[in-house]
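J.: sequence first, predicted model second:
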Amino acid sequence: MVACFHPGHTFAGLPPDDPLHYEKRSPYPVINLLRAPSVDEYIAQGKTQGIADNNERRLRQVGRALLKETFEAILAMD
């Protein structure tokens, strides 16, 4: 399985300033390769339940301003 992250990622249907976009963002394009059998096993064991909900709750709690500031600080390190 492939999990992709990109600095400009946006979810369709969300406002442009929604902090949830940062769930799939990274300062640089990244591709993670996941072992499909391992992912399936974790799903079957219930270990993935709530991950998206927890991510959304935390990103909204942190807020877009801090997420953007942190993201830009990482990019400024170059």
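T.: Good, I have the coordinates.
J.: show me the helices in this structure, by range?
T.: 36-44, 51-62, 64-76 (DSSP state H).
J.: can you put these in CSV and add mean pLDDT and mean neighbour count?
T.: Backbone N, C-alpha and C define where each C-beta goes, glycine included. Formatted as CSV, the helices of the chain follow (pLDDT from 0 to 100; neighbours: other C-beta atoms under 10 Å):
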stretch, mean pLDDT, mean neighbour count
helix 36-44, 91, 11
helix 51-62, 95, 12
helix 64-76, 94, 12
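J.: tell me which of the ones you listed lies nearest to Ser26.
T.: Counting by C-beta to C-beta, Ser26 lies closest to helix 64-76 out of those; the figure is 8.8 Å.
J.: now Arg25, nearest residue through space, not along the chain?
T.: Using C-beta to C-beta, 6 or more residues apart in numbering and skipping the chain neighbours, the partner closest in space to Arg25 is His9 (4.9 Å).
J.: in this structure that neighbour contacts Leu20, no?
T.: No - contact criterion C-beta atoms under 8 Å: His9 and Leu20 do not qualify, at 10.3 Å.
J.: neighbour count winner among these two?
T.: Legend: neighbour count by other C-beta atoms under 10 Å for His9 and Leu20, higher for Leu20 (17 against 14).
J.: wait, that one sits on Ala12?
T.: No - with contact defined as C-beta under 8 Å, Leu20 does not count as touching Ala12 (11.6 Å).
J.: excluding its backbone neighbours, what's nearest Leu14?
T.: In space, and not counting its chain neighbours, Leu14 is closest to Leu20: 6.0 Å by C-beta to C-beta, 6+ apart.
J.: quick check: pLDDT value at Thr48.
T.: Thr48 carries a pLDDT value of 88.
J.: how about the contacts made by it?
T.: Thr48 makes contact with 39, 42, according to C-beta atoms under 8 Å, 6 or more residues apart in numbering.
J.: please apply the same query to Gly63.
T.: Gly63 sits next to Pro19 when contact means C-beta under 8 Å, 6+ apart.
J.: can you tell me how far it sits from Cys4?
T.: Using C-beta to C-beta, to the nearest Å, Gly63 is found at 25 Å from Cys4.
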